[in-house]
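Student: Give the three-dimensional model of this entry:
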Amino acid sequence: MKKKWLMMLLAMITLMVYPVSAFAADGPTNADLQVGLDTAFTFLAFILVFFMQAGFAMLEAGSVRMKNAGHVAGKTVLTLAIASVCFWAVGFGLGFGNGNGFFGTTGFLFGGDSTASSFESLVFSDVTLNVKFLFQMAFAAVSLAIVSGGMAERAKISVYIIFGILFSIVIYPVVAHWVWGGGWLAELGMQDYAGSTVVHLTGATAAVVATILLKPRLGKFNKEGKPVIIPGHNQVFTVLGVIILWFGWFGFNPGSALSPMGGFFGHVALTTNIAAAAGGLAALIASWLYFGKSDIPAMLNGVLAALVAITGACAYVEPWAAIIIGLVAGAFTFMTSQWLERAGLDDPIYAFSVHGIAGMWGAVSTGLFAAPDLIAKGGLVGEAGLFYGGGFHQLGVQVLGVVGTFAFVAVLSFIILYVMKVTTGLRVTEEEELMGLDISEHGTYGYPEQMKLIAESESKTLKQ
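Tutor: Down below sits the predicted model:
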């Protein structure tokens, strides 16, 4: 019954996405139907990835204080706007256009399906180029959303706009070209099915550079330099945000198959889901052992870290390996987040631990667990992992990809942000930060009635 409804839904989307006029008068050919079905499948995946921004809005808004919630949530819409325009103008061509081993040189100001000859790296699938663009644009927006978390509660909105534009034009597309656009890492056979490195490590590296240059939020560390807990204002929001992200990830990973034919996307969905579950359990247990009580935010970050890690490996590994990848990602992310905080890093949503360190582990894991039969079945790149007799070659390629990506993004992000720091400044004033970015940057609170009551209460306290 469920299969019947799924096929009906795909058929309806096919009619909307793939023009009826494309079918011959005598009826569609099998090739026409195949293209329509694959395009509808990919468009549905795009919708799921696009909807992940709602998850980021809930997760990040819930993780910050009430006085900054509207600002942080609103930045997700800004993220979509920046990514949509910049990726259309330059990013898609730089990332997937014909070019050299480092960046594309064709396809700028994307003109639609008629410009297919400018994107030879995408000819492996018959999905229409317009839908391929939308799908890749949604990935770019996810990477930029990660950067937003590293800037939370103290960065100027203008800084995020300028950096977001340059990130979407220069930083993300270059890494995407290296791995997915026929660049030098693609030539080496780097395995990154849906973006542990391209999407998550790229966004997280930019985020941690911003976090370091912005310095900690006021009151985050006491006089002895020990971290002070600044709890988010709504844990229910963060839970809902993670559920939405988990849901959207089924467009992120299985959708990267770009076709429902053969059912290979089902294997990807299975490894994605089971890794996420393992990561949540591992992080919860780790927090229980560390704090003496089970920590809900730690569990949520464990789920996300496992999803990040399995994103690059989901098509390459067996279910048992997916569980190991998820367990390691969940537990290790919790431990590294605590260590980095004690070392003086104020990362409000633990963007670097969840998306950066877990992204690194996800990239390396295929060098260990990539199964040769899955590589053959899925028509995937690269060679078998170390534990399948593949030796150290694939592992070396994966490590090289991680190091190269981190170095490129870190250096370019630092240059861009440092120039802004010494010219216009990155951070709002101390007074504006105490007031909250909702009112200081936008002139109104996300929770106007509640914040008014808090202000009145504080005013009465000061008078007494």
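Student: Quick check: longest helix in this structure by residues?
Tutor: helix 30-63 (DSSP state H).
Student: Which elements pack onto it?
Tutor: On a contact count with 3 or more C-beta pairs under 8 Å, 6 or more residues apart in numbering; DSSP states H and E, helix 30-63 meets helix 2-17, helix 69-86, helix 129-150, helix 235-252. All C-beta spots, glycine's among them, are computed from the backbone N, C-alpha and C.
Student: in that helix, what counts as buried?
Tutor: For helix 30-63, a neighbour-count test (16 or more other C-beta atoms under 10 Å) marks 35-50, 52-63 as buried.
Student: Could you identify which of the helices and strands packed on helix 30-63 is most buried?
Tutor: helix 129-150 (a mean of 25; mean count of other C-beta atoms under 10 Å).
Student: Any chance of the helices and strands packed on helix 30-63 in TSV with mean pLDDT as columns?
Tutor: Converted to TSV, the helices and strands packed on helix 30-63 look like this (pLDDT from 0 to 100):
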stretch	mean pLDDT
helix 2-17	58
helix 69-86	96
helix 129-150	97
helix 235-252	97
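Student: Let me have these in CSV, extended by distance to residue 274.
Tutor: Shown next, in CSV, are the helices and strands packed on helix 30-63 (distance: least, C-beta to C-beta, whole Å):
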stretch, distance to residue 274
helix 2-17, 20
helix 69-86, 28
helix 129-150, 22
helix 235-252, 12
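Student: Kindly calculate the angle that the longest helix of the chain makes with helix 69-86.
Tutor: 150 degrees (axes from the mean of the first three to the mean of the last three C-alpha atoms, to 10 degrees).
Student: any idea how far helix 30-63 is from the chain center?
Tutor: Relative to its chain's centre, helix 30-63 lies at 13 Å (C-alpha atoms, centre = their mean, to the nearest Å).
Student: one step back: so which of the helices and strands packed on helix 30-63 comes closest to residue 389?
Tutor: Of all those, helix 235-252 sits nearest to residue 389, with 30.2 Å by C-beta to C-beta.
Student: what comes into contact with that closest one?
Tutor: Residues outside helix 235-252 that contact it (C-beta atoms under 8 Å, 6 or more residues apart in numbering) are 44-49, 51-52, 54-63, 139, 142, 194-195, 232, 269, 272-273, 276, 296-297, 300, 303-304, 307, 311.
Student: after that helix comes which helix or strand?
Tutor: Sequence order places helix 264-291 as the next helix or strand after helix 235-252, per DSSP states H and E.
Student: counting contacts, what elements does that following helix pack onto?
Tutor: So helix 264-291, by 3+ C-beta pairs under 8 Å, 6+ apart, packs with helix 235-252, helix 296-313, helix 319-342, helix 372-378.
Student: Quick one: closest of those to residue 181.
Tutor: Comparing the helices and strands packed on helix 264-291 by C-beta to C-beta, helix 296-313 comes nearest, at 16.2 Å.
Student: separation between the residue lying closest to residue 104 once chain neighbours are set aside and residue 137?
Tutor: Using C-beta to C-beta, 6 or more residues apart in numbering and skipping the chain neighbours, the partner closest in space to residue 104 is residue 97 (3.0 Å). Look at residue 97 and residue 137: by C-beta to C-beta, to the nearest Å, they are 14 Å apart.
Student: For residue 286, give me its contacts.
Tutor: 298, 302, 330-331, 334-335.
Student: so how many other residues sit close to residue 122?
Tutor: For residue 122, the count of nearby residues is 21 (other C-beta atoms under 10 Å).
Student: my guess is residue 277 contacts residue 326, does it?
Tutor: Yes. Using C-beta atoms under 8 Å, residue 277 is in contact with residue 326, at 7.0 Å.
Student: and the two? which has more neighbours close in?
Tutor: More crowded of residue 277 and residue 326, by other C-beta under 10 Å: residue 326, with 32 against 19.
Student: Give me the common contacts of residue 277 and residue 326.
Tutor: Common neighbours of residue 277 and residue 326 (C-beta under 8 Å, 6+ apart) are residue 306.
Student: count of residues packed around residue 423?
Tutor: 8.
Student: Return the distance of it relative to residue 205.
Tutor: Distance from residue 423 to residue 205, by C-beta to C-beta: 23 Å.
Student: ditto for residue 216
Tutor: In terms of C-beta to C-beta, residue 216 sits 19 Å off from residue 205.
Student: Those two: which is more packed in?
Tutor: Neighbour count, other C-beta under 10 Å: between residue 216 and residue 205, residue 205 has more, with 31 against 19.
Student: Report how many residues lie close to the closest residue to the more buried one other than its chain neighbours.
Tutor: Take residue 205 and drop its neighbours on the chain: the residue closest to it by C-beta to C-beta, 6+ apart is residue 409, 4.1 Å away. Neighbour count of residue 409, defined by other C-beta under 10 Å: 26.
Student: what about residue 409, which helix or strand?
Tutor: helix 393-423.
Student: and that helix, what does it pack onto?
Tutor: Checking 3+ C-beta pairs under 8 Å, 6+ apart, helix 393-423 ends up next to helix 157-166, helix 172-180, helix 184-188, helix 202-214, helix 358-369.
Student: Turn these into JSON lines, columns for mean pLDDT and distance to residue 251.
Tutor: Shown next, in JSON lines, are the helices and strands packed on helix 393-423 (pLDDT from 0 to 100; distance: least, C-beta to C-beta, whole Å):
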{"stretch": "helix 157-166", "mean pLDDT": "97", "distance to residue 251": "22"}
{"stretch": "helix 172-180", "mean pLDDT": "98", "distance to residue 251": "17"}
{"stretch": "helix 184-188", "mean pLDDT": "97", "distance to residue 251": "23"}
{"stretch": "helix 202-214", "mean pLDDT": "97", "distance to residue 251": "17"}
{"stretch": "helix 358-369", "mean pLDDT": "98", "distance to residue 251": "18"}
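Student: for those, which one sits closest to residue 282?
Tutor: Closest among the helices and strands packed on helix 393-423, using C-beta to C-beta: helix 358-369, at 11.6 Å.
Student: So what's the gap between that closest one and the chain middle?
Tutor: The answer for helix 358-369 is 16 Å, by C-alpha atoms, centre = their mean.
Student: cool, and stretch 27-35?
Tutor: 34 Å.
Student: Can you dump the C-alpha atoms of that stretch in CSV for me?
Tutor: The C-alpha coordinates for stretch 27-35 follow below in CSV (Å, rounded to 0.1, in the frame of the first residue of the first chain):
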residue,chain,number,x,y,z
GLY,A,27,2.6,8.3,-25.9
PRO,A,28,5.8,8.6,-23.9
THR,A,29,8.7,6.3,-24.6
ASN,A,30,10.5,4.3,-21.9
ALA,A,31,13.3,6.8,-22.1
ASP,A,32,10.9,9.7,-21.5
LEU,A,33,9.4,8.0,-18.5
GLN,A,34,12.8,7.2,-17.1
VAL,A,35,13.9,10.9,-17.3
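Student: tell me the average confidence for that stretch?
Tutor: Taken as a whole, stretch 27-35 has a mean pLDDT of 84.
Student: what do you get for stretch 317-331?
Tutor: 98.
Student: Enumerate every residue touching residue 430.
Tutor: Residue 430 touches residue 218, counting by C-beta under 8 Å, 6+ apart.
Student: how close does it get to residue 67?
Tutor: 14 Å.
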